[in-house]
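A.B. asks: Give me the fold of what follows.
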Amino acid sequence: MSDLEPITPREAVRLYLADREMELSEKSLENHRYRLDSWLEFCDEKDIENMNEVTGRTIHEFRVWRQSGEGDKYDAVSKPTLKGNLATLRVFLEFCDSIDAVEDGLRERVRMPKLTSEEISRDEQLSEENAEQMLEYLEEFRYASREHAILSILWHTGIRLGTLRAFDVDDLDTEERCLDVRHRPEQETPLKNGHAAERSIALGEYDVEVLHDYIEHNRPDVKDDYGRRPLFTSVHGRLSESPIRLTVYRWTQPCRWAECPHDEDPNTCEWRNRESLSKCPSSRSPHGVRRGAITKHLRDGTPEEVVSDRMNSSLDVIEEHYDERSEREKMRLRRDLIRDL
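C.D. replies: Here you go, the predicted model:
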(Lines give C-alpha, C1' and ligand atoms only; values in the text may rest on other atoms or scores of the structure.)
Protein backbone atom coordinates (compact mmCIF):
# COMPACT_ATOMS: atom_id res chain seq x y z
CA MET A 1 0.00 0.00 0.00
CA SER A 2 2.94 2.38 0.59
CA ASP A 3 3.57 2.73 -3.17
CA LEU A 4 0.08 4.08 -3.82
CA GLU A 5 -0.48 7.72 -4.72
CA PRO A 6 -3.34 9.46 -2.88
CA ILE A 7 -6.31 10.52 -5.02
CA THR A 8 -9.92 11.34 -4.22
CA PRO A 9 -12.69 9.13 -5.62
CA ARG A 10 -14.10 12.08 -7.56
CA GLU A 11 -10.77 12.87 -9.20
CA ALA A 12 -10.22 9.19 -10.03
CA VAL A 13 -13.63 9.03 -11.73
CA ARG A 14 -12.85 12.23 -13.65
CA LEU A 15 -9.58 10.77 -14.94
CA TYR A 16 -11.26 7.47 -15.81
CA LEU A 17 -14.03 9.12 -17.84
CA ALA A 18 -11.49 11.33 -19.61
CA ASP A 19 -9.46 8.22 -20.45
CA ARG A 20 -12.51 6.42 -21.92
CA GLU A 21 -13.92 9.43 -23.77
CA MET A 22 -12.18 8.66 -27.07
CA GLU A 23 -13.23 5.01 -27.21
CA LEU A 24 -16.80 5.06 -25.87
CA SER A 25 -19.86 6.49 -27.56
CA GLU A 26 -21.58 9.43 -25.89
CA LYS A 27 -24.36 7.12 -24.71
CA SER A 28 -21.98 4.53 -23.25
CA LEU A 29 -19.90 7.20 -21.56
CA GLU A 30 -23.04 8.62 -19.99
CA ASN A 31 -23.94 5.14 -18.71
CA HIS A 32 -20.51 4.79 -17.10
CA ARG A 33 -20.83 8.24 -15.56
CA TYR A 34 -24.28 7.44 -14.14
CA ARG A 35 -23.15 4.13 -12.64
CA LEU A 36 -20.06 5.68 -11.06
CA ASP A 37 -22.14 8.51 -9.60
CA SER A 38 -23.55 5.93 -7.17
CA TRP A 39 -19.98 4.96 -6.23
CA LEU A 40 -19.16 8.60 -5.49
CA GLU A 41 -22.32 8.96 -3.42
CA PHE A 42 -21.34 5.86 -1.45
CA CYS A 43 -17.83 7.23 -0.85
CA ASP A 44 -19.29 10.54 0.38
CA GLU A 45 -21.59 8.77 2.82
CA LYS A 46 -18.78 6.57 4.13
CA ASP A 47 -16.27 9.46 4.31
CA ILE A 48 -13.88 7.76 1.89
CA GLU A 49 -11.62 10.58 0.69
CA ASN A 50 -8.75 8.55 -0.74
CA MET A 51 -9.00 5.66 -3.22
CA ASN A 52 -5.96 4.15 -1.47
CA GLU A 53 -8.31 3.22 1.38
CA VAL A 54 -10.60 1.06 -0.76
CA THR A 55 -10.43 -2.65 0.10
CA GLY A 56 -12.34 -5.79 -0.69
CA ARG A 57 -14.57 -5.10 2.29
CA THR A 58 -15.31 -1.61 0.94
CA ILE A 59 -16.44 -3.13 -2.33
CA HIS A 60 -18.68 -5.62 -0.56
CA GLU A 61 -20.24 -2.81 1.49
CA PHE A 62 -20.91 -0.86 -1.72
CA ARG A 63 -22.54 -3.89 -3.29
CA VAL A 64 -24.94 -4.26 -0.33
CA TRP A 65 -25.52 -0.49 -0.22
CA ARG A 66 -26.39 -0.32 -3.93
CA GLN A 67 -28.50 -3.47 -4.04
CA SER A 68 -30.67 -2.56 -1.05
CA GLY A 69 -30.94 1.15 -1.86
CA GLU A 70 -29.41 2.30 1.41
CA GLY A 71 -28.28 5.62 -0.06
CA ASP A 72 -30.48 8.70 0.15
CA LYS A 73 -30.48 9.21 -3.63
CA TYR A 74 -30.79 5.64 -4.87
CA ASP A 75 -33.53 3.02 -4.70
CA ALA A 76 -32.99 -0.72 -4.44
CA VAL A 77 -32.05 -2.34 -7.75
CA SER A 78 -32.60 -5.69 -9.43
CA LYS A 79 -29.76 -8.16 -9.80
CA PRO A 80 -29.35 -7.47 -13.54
CA THR A 81 -29.01 -3.74 -12.79
CA LEU A 82 -26.62 -4.42 -9.92
CA LYS A 83 -24.53 -6.57 -12.23
CA GLY A 84 -24.22 -3.68 -14.68
CA ASN A 85 -23.14 -1.32 -11.90
CA LEU A 86 -20.52 -3.73 -10.61
CA ALA A 87 -19.19 -4.43 -14.11
CA THR A 88 -18.48 -0.72 -14.56
CA LEU A 89 -16.95 -0.49 -11.09
CA ARG A 90 -14.64 -3.38 -11.92
CA VAL A 91 -13.35 -1.67 -15.07
CA PHE A 92 -12.95 1.59 -13.13
CA LEU A 93 -10.87 -0.17 -10.45
CA GLU A 94 -8.69 -1.70 -13.16
CA PHE A 95 -7.97 1.84 -14.39
CA CYS A 96 -7.25 2.97 -10.82
CA ASP A 97 -4.78 0.11 -10.50
CA SER A 98 -2.99 1.34 -13.63
CA ILE A 99 -2.46 4.80 -12.09
CA ASP A 100 -1.36 3.44 -8.68
CA ALA A 101 -4.53 4.57 -6.95
CA VAL A 102 -5.65 1.22 -5.48
CA GLU A 103 -4.15 -2.03 -4.35
CA ASP A 104 -2.96 -4.27 -7.17
CA GLY A 105 -5.62 -6.77 -8.24
CA LEU A 106 -8.49 -5.06 -6.42
CA ARG A 107 -10.58 -5.48 -9.57
CA GLU A 108 -10.78 -9.20 -8.84
CA ARG A 109 -12.45 -8.51 -5.48
CA VAL A 110 -15.63 -7.38 -7.26
CA ARG A 111 -18.00 -10.35 -7.01
CA MET A 112 -20.61 -10.37 -9.76
CA PRO A 113 -24.12 -11.59 -8.86
CA LYS A 114 -25.27 -14.80 -10.51
CA LEU A 115 -28.61 -14.56 -12.26
CA THR A 116 -31.17 -17.37 -12.28
CA SER A 117 -32.53 -18.59 -15.61
CA GLU A 118 -35.81 -16.79 -14.81
CA GLU A 119 -34.00 -13.50 -14.16
CA ILE A 120 -31.98 -13.88 -17.34
CA SER A 121 -35.12 -14.68 -19.34
CA ARG A 122 -37.04 -11.73 -17.92
CA ASP A 123 -34.19 -9.35 -18.62
CA GLU A 124 -33.32 -10.86 -21.99
CA GLN A 125 -34.78 -8.70 -24.69
CA LEU A 126 -33.31 -6.70 -27.54
CA SER A 127 -33.65 -3.01 -26.76
CA GLU A 128 -35.07 -0.64 -29.33
CA GLU A 129 -31.86 1.38 -29.33
CA ASN A 130 -29.69 -1.67 -30.04
CA ALA A 131 -32.09 -2.94 -32.69
CA GLU A 132 -31.98 0.37 -34.54
CA GLN A 133 -28.18 0.59 -34.41
CA MET A 134 -27.81 -3.02 -35.55
CA LEU A 135 -30.20 -2.60 -38.50
CA GLU A 136 -28.61 0.71 -39.51
CA TYR A 137 -25.23 -1.02 -39.66
CA LEU A 138 -26.57 -3.96 -41.65
CA GLU A 139 -28.34 -1.60 -44.06
CA GLU A 140 -25.12 0.30 -44.73
CA PHE A 141 -22.61 -2.53 -44.87
CA ARG A 142 -24.60 -5.74 -45.56
CA TYR A 143 -27.74 -4.52 -47.29
CA ALA A 144 -30.15 -7.28 -48.39
CA SER A 145 -27.83 -9.98 -47.11
CA ARG A 146 -29.42 -13.03 -45.53
CA GLU A 147 -28.47 -11.66 -42.09
CA HIS A 148 -30.04 -8.28 -42.85
CA ALA A 149 -33.26 -9.85 -44.11
CA ILE A 150 -33.57 -12.25 -41.14
CA LEU A 151 -33.00 -9.62 -38.46
CA SER A 152 -35.13 -6.97 -40.15
CA ILE A 153 -38.11 -9.33 -40.38
CA LEU A 154 -37.69 -10.70 -36.87
CA TRP A 155 -37.55 -7.21 -35.36
CA HIS A 156 -40.37 -5.64 -37.38
CA THR A 157 -42.77 -8.57 -37.08
CA GLY A 158 -41.90 -10.17 -33.72
CA ILE A 159 -42.48 -13.66 -35.13
CA ARG A 160 -41.08 -16.88 -33.72
CA LEU A 161 -37.98 -18.54 -35.12
CA GLY A 162 -40.05 -21.49 -36.38
CA THR A 163 -42.35 -19.15 -38.27
CA LEU A 164 -39.42 -17.41 -39.95
CA ARG A 165 -37.95 -20.73 -41.01
CA ALA A 166 -41.28 -21.88 -42.51
CA PHE A 167 -41.56 -19.07 -45.07
CA ASP A 168 -41.30 -19.80 -48.78
CA VAL A 169 -40.51 -17.26 -51.48
CA ASP A 170 -44.11 -17.60 -52.66
CA ASP A 171 -45.37 -16.55 -49.23
CA LEU A 172 -44.21 -12.99 -49.91
CA ASP A 173 -46.83 -10.80 -51.58
CA THR A 174 -45.06 -7.64 -52.70
CA GLU A 175 -48.25 -5.97 -53.93
CA GLU A 176 -50.18 -6.44 -50.69
CA ARG A 177 -46.95 -6.01 -48.72
CA CYS A 178 -47.39 -9.04 -46.50
CA LEU A 179 -46.09 -12.50 -45.65
CA ASP A 180 -48.47 -15.46 -45.46
CA VAL A 181 -47.87 -17.79 -42.51
CA ARG A 182 -48.81 -21.41 -43.24
CA HIS A 183 -48.75 -24.58 -41.12
CA ARG A 184 -47.20 -27.41 -43.16
CA PRO A 185 -46.20 -30.17 -40.70
CA GLU A 186 -46.18 -32.87 -43.39
CA GLN A 187 -43.38 -30.95 -45.12
CA GLU A 188 -41.35 -30.29 -41.95
CA THR A 189 -42.39 -26.67 -41.38
CA PRO A 190 -44.94 -26.85 -38.56
CA LEU A 191 -46.08 -23.81 -36.57
CA LYS A 192 -46.16 -23.81 -32.78
CA ASN A 193 -49.92 -23.28 -32.59
CA GLY A 194 -50.78 -25.32 -35.67
CA HIS A 195 -53.40 -24.06 -38.13
CA ALA A 196 -54.54 -21.51 -35.53
CA ALA A 197 -51.25 -19.68 -36.16
CA GLU A 198 -51.94 -19.20 -39.87
CA ARG A 199 -52.30 -15.55 -40.79
CA SER A 200 -51.00 -12.81 -43.07
CA ILE A 201 -48.49 -10.40 -41.55
CA ALA A 202 -48.36 -6.85 -42.89
CA LEU A 203 -44.93 -5.49 -43.85
CA GLY A 204 -43.65 -1.98 -44.32
CA GLU A 205 -42.39 -0.84 -47.70
CA TYR A 206 -38.80 -1.01 -46.51
CA ASP A 207 -39.08 -4.63 -45.37
CA VAL A 208 -40.61 -5.61 -48.70
CA GLU A 209 -37.72 -3.93 -50.53
CA VAL A 210 -35.14 -5.71 -48.39
CA LEU A 211 -36.77 -9.10 -48.98
CA HIS A 212 -37.17 -8.44 -52.70
CA ASP A 213 -33.52 -7.43 -53.08
CA TYR A 214 -32.38 -10.37 -50.95
CA ILE A 215 -34.33 -12.80 -53.15
CA GLU A 216 -33.09 -11.22 -56.38
CA HIS A 217 -29.42 -10.89 -55.48
CA ASN A 218 -28.37 -12.94 -52.46
CA ARG A 219 -30.70 -15.90 -51.99
CA PRO A 220 -29.27 -19.19 -53.30
CA ASP A 221 -31.69 -20.51 -55.92
CA VAL A 222 -32.42 -23.86 -54.28
CA LYS A 223 -35.42 -25.97 -53.31
CA ASP A 224 -36.04 -28.12 -50.27
CA ASP A 225 -36.79 -31.85 -50.25
CA TYR A 226 -40.45 -31.16 -51.05
CA GLY A 227 -39.82 -29.00 -54.10
CA ARG A 228 -40.62 -25.76 -52.26
CA ARG A 229 -38.50 -22.63 -52.52
CA PRO A 230 -37.59 -21.67 -48.94
CA LEU A 231 -37.25 -17.96 -48.29
CA PHE A 232 -34.19 -18.38 -46.09
CA THR A 233 -31.70 -20.89 -47.43
CA SER A 234 -28.15 -22.05 -47.68
CA VAL A 235 -26.75 -23.69 -50.79
CA HIS A 236 -28.07 -26.96 -49.34
CA GLY A 237 -31.71 -25.96 -48.88
CA ARG A 238 -33.99 -24.59 -46.16
CA LEU A 239 -32.14 -23.24 -43.14
CA SER A 240 -32.47 -25.21 -39.93
CA GLU A 241 -33.08 -23.41 -36.65
CA SER A 242 -29.43 -23.57 -35.59
CA PRO A 243 -27.91 -21.22 -38.22
CA ILE A 244 -30.79 -18.78 -37.76
CA ARG A 245 -30.21 -18.76 -34.02
CA LEU A 246 -26.45 -18.26 -34.50
CA THR A 247 -27.14 -15.36 -36.88
CA VAL A 248 -29.24 -13.64 -34.23
CA TYR A 249 -26.72 -14.24 -31.44
CA ARG A 250 -23.89 -12.93 -33.64
CA TRP A 251 -25.51 -9.76 -34.89
CA THR A 252 -27.09 -8.72 -31.61
CA GLN A 253 -23.61 -8.48 -30.09
CA PRO A 254 -23.02 -4.70 -29.86
CA CYS A 255 -19.33 -5.10 -30.73
CA ARG A 256 -20.38 -6.01 -34.30
CA TRP A 257 -21.68 -2.50 -34.93
CA ALA A 258 -20.48 -0.39 -31.95
CA GLU A 259 -18.08 -0.62 -29.02
CA CYS A 260 -18.18 -3.50 -26.57
CA PRO A 261 -20.21 -2.55 -23.45
CA HIS A 262 -18.20 -5.07 -21.41
CA ASP A 263 -14.79 -3.57 -22.22
CA GLU A 264 -13.60 -6.70 -23.99
CA ASP A 265 -11.23 -6.64 -26.96
CA PRO A 266 -13.18 -8.06 -29.95
CA ASN A 267 -9.93 -9.51 -31.29
CA THR A 268 -9.44 -11.72 -28.25
CA CYS A 269 -12.93 -11.99 -26.73
CA GLU A 270 -13.98 -15.62 -26.36
CA TRP A 271 -17.65 -14.65 -26.80
CA ARG A 272 -16.95 -13.87 -30.44
CA ASN A 273 -16.30 -17.56 -31.15
CA ARG A 274 -19.12 -19.51 -32.77
CA GLU A 275 -19.40 -21.86 -29.80
CA SER A 276 -19.67 -18.99 -27.28
CA LEU A 277 -21.88 -16.44 -29.06
CA SER A 278 -24.82 -17.14 -26.76
CA LYS A 279 -22.68 -16.60 -23.65
CA CYS A 280 -22.06 -12.93 -24.41
CA PRO A 281 -24.06 -10.92 -21.84
CA SER A 282 -25.34 -8.61 -24.58
CA SER A 283 -26.19 -11.10 -27.32
CA ARG A 284 -29.86 -11.96 -27.69
CA SER A 285 -31.71 -15.09 -28.79
CA PRO A 286 -34.53 -15.01 -31.35
CA HIS A 287 -36.91 -15.08 -28.39
CA GLY A 288 -35.16 -12.00 -26.98
CA VAL A 289 -35.72 -10.21 -30.29
CA ARG A 290 -39.38 -11.26 -30.20
CA ARG A 291 -39.74 -9.95 -26.64
CA GLY A 292 -38.19 -6.62 -27.59
CA ALA A 293 -40.34 -6.31 -30.72
CA ILE A 294 -43.56 -6.96 -28.79
CA THR A 295 -42.55 -4.44 -26.12
CA LYS A 296 -41.85 -1.81 -28.80
CA HIS A 297 -45.25 -2.35 -30.42
CA LEU A 298 -46.95 -1.93 -27.05
CA ARG A 299 -44.95 1.17 -26.15
CA ASP A 300 -45.76 2.67 -29.54
CA GLY A 301 -49.44 2.40 -28.62
CA THR A 302 -50.41 -0.57 -30.79
CA PRO A 303 -53.59 -2.05 -29.24
CA GLU A 304 -52.92 -5.27 -27.35
CA GLU A 305 -55.47 -7.16 -29.45
CA VAL A 306 -53.58 -6.21 -32.62
CA VAL A 307 -50.27 -7.27 -31.09
CA SER A 308 -51.86 -10.56 -29.99
CA ASP A 309 -53.07 -11.36 -33.52
CA ARG A 310 -49.88 -10.23 -35.25
CA MET A 311 -47.55 -12.13 -32.93
CA ASN A 312 -49.89 -15.14 -32.50
CA SER A 313 -49.79 -14.94 -28.73
CA SER A 314 -52.68 -14.72 -26.25
CA LEU A 315 -53.34 -11.53 -24.32
CA ASP A 316 -52.60 -13.34 -21.05
CA VAL A 317 -49.21 -14.56 -22.30
CA ILE A 318 -48.30 -11.11 -23.62
CA GLU A 319 -49.24 -9.54 -20.29
CA GLU A 320 -47.28 -12.09 -18.23
CA HIS A 321 -44.18 -12.70 -20.33
CA TYR A 322 -43.69 -9.90 -22.84
CA ASP A 323 -45.16 -6.63 -21.63
CA GLU A 324 -42.28 -4.68 -20.06
CA ARG A 325 -44.16 -1.40 -19.80
CA SER A 326 -44.56 0.25 -16.42
CA GLU A 327 -48.03 1.06 -15.10
CA ARG A 328 -47.33 4.75 -15.78
CA GLU A 329 -46.51 3.98 -19.42
CA LYS A 330 -49.79 2.08 -19.79
CA MET A 331 -51.69 4.95 -18.19
CA ARG A 332 -50.21 7.54 -20.59
CA LEU A 333 -51.07 5.40 -23.61
CA ARG A 334 -54.63 4.91 -22.39
CA ARG A 335 -54.95 8.66 -21.88
CA ASP A 336 -53.74 9.33 -25.44
CA LEU A 337 -56.26 6.83 -26.84
CA ILE A 338 -59.11 8.40 -24.89
CA ARG A 339 -58.18 11.83 -26.22
CA ASP A 340 -58.32 10.50 -29.77
CA LEU A 341 -61.87 9.16 -29.40
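A.B. asks: Pull out the buried residues from stretch 156-176.
C.D. replies: 156-161, 163-169, 171-172 (16 or more other Cβ atoms under 10 Å). (Glycine included, C-beta is placed from N, CA and C.)
A.B. asks: do the same with stretch 76-93
C.D. replies: 77, 79, 82-93.
A.B. asks: about what we covered before: may I ask which two of the buried residues of stretch 156-176 are separated the most?
C.D. replies: The most widely separated members of the buried residues of stretch 156-176, counting by Cβ to Cβ, are 158 and 169 (21.7 Å).
A.B. asks: Show me which of the buried residues of stretch 156-176 is closest to residue 139.
C.D. replies: Nearest member of the buried residues of stretch 156-176 to residue 139, counting by Cβ to Cβ, is residue 156, at 12.8 Å.
A.B. asks: Run through who's touching stretch 94-113.
C.D. replies: 1, 3-5, 7, 12, 15-16, 19, 51-52, 54-56, 59-60, 63, 79, 82-83, 86-87, 89-91, 93 (Cβ atoms under 8 Å, 6 or more residues apart in numbering).
A.B. asks: What is the end-to-end distance of that stretch?
C.D. replies: 19 Å (Cα to Cα, to the nearest Å).
A.B. asks: Go through the buried residues of stretch 76-93 and flag which are in helices.
C.D. replies: Under the assignment DSSP state H, the buried residues of stretch 76-93 contribute 79, 82-93 to helices.
A.B. asks: Format the residues you listed as TSV; extra columns: distance to residue 232 and pLDDT.
C.D. replies: Formatted as TSV, these follow (distance: Cβ to Cβ, whole Å; pLDDT from 0 to 100):
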residue	distance to residue 232	pLDDT
79	36	80
82	39	86
83	34	84
84	34	82
85	39	88
86	39	92
87	35	87
88	38	90
89	42	94
90	40	93
91	38	92
92	43	95
93	45	96
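A.B. asks: can I get those in a markdown table with distance to residue 272?
C.D. replies: Shown next, in a markdown table, are these (distance: Cβ to Cβ, whole Å):
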| residue | distance to residue 272 |
| --- | --- |
| 79 | 26 |
| 82 | 26 |
| 83 | 21 |
| 84 | 21 |
| 85 | 25 |
| 86 | 23 |
| 87 | 18 |
| 88 | 21 |
| 89 | 24 |
| 90 | 20 |
| 91 | 19 |
| 92 | 24 |
| 93 | 25 |
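A.B. asks: out of the residues you listed, who's nearest residue 131?
C.D. replies: When these are compared against residue 131 (criterion: Cβ to Cβ), the nearest one is residue 84, at 19.0 Å.
A.B. asks: The closest one against residue 36, yeah?
C.D. replies: No. The criterion here is Cβ atoms under 8 Å, and residue 84 misses it with residue 36 at 11.8 Å.
A.B. asks: Name the helix or strand of this protein that has the lowest mean pLDDT.
C.D. replies: Least confident helix or strand of the chain, by mean pLDDT, DSSP states H and E, is helix 117-123 with a mean of 53.
A.B. asks: part of a strand, is residue 331?
C.D. replies: No. Going by DSSP: H, G, I helix; E, B strand; the rest coil, the assignment for residue 331 is helix, not a strand.
A.B. asks: Isn't residue 257 up against residue 137?
C.D. replies: Yes. Here residue 257 reaches residue 137: they are 3.6 Å apart, a contact under Cβ under 8 Å.
A.B. asks: okay, now the domains of this protein?
C.D. replies: 9-119, 128-279, 294-340 (automatic domain parsing).
A.B. asks: To residue 288, which of those lies closest?
C.D. replies: domain 128-279 (7.4 Å).
A.B. asks: With distance to residue 287 as added columns, please give the domains of the chain in CSV.
C.D. replies: Compiled in CSV, the domains of the chain are given as follows (distance: least, Cβ to Cβ, whole Å):
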stretch, distance to residue 287
domain 9-119, 13
domain 128-279, 8
domain 294-340, 10
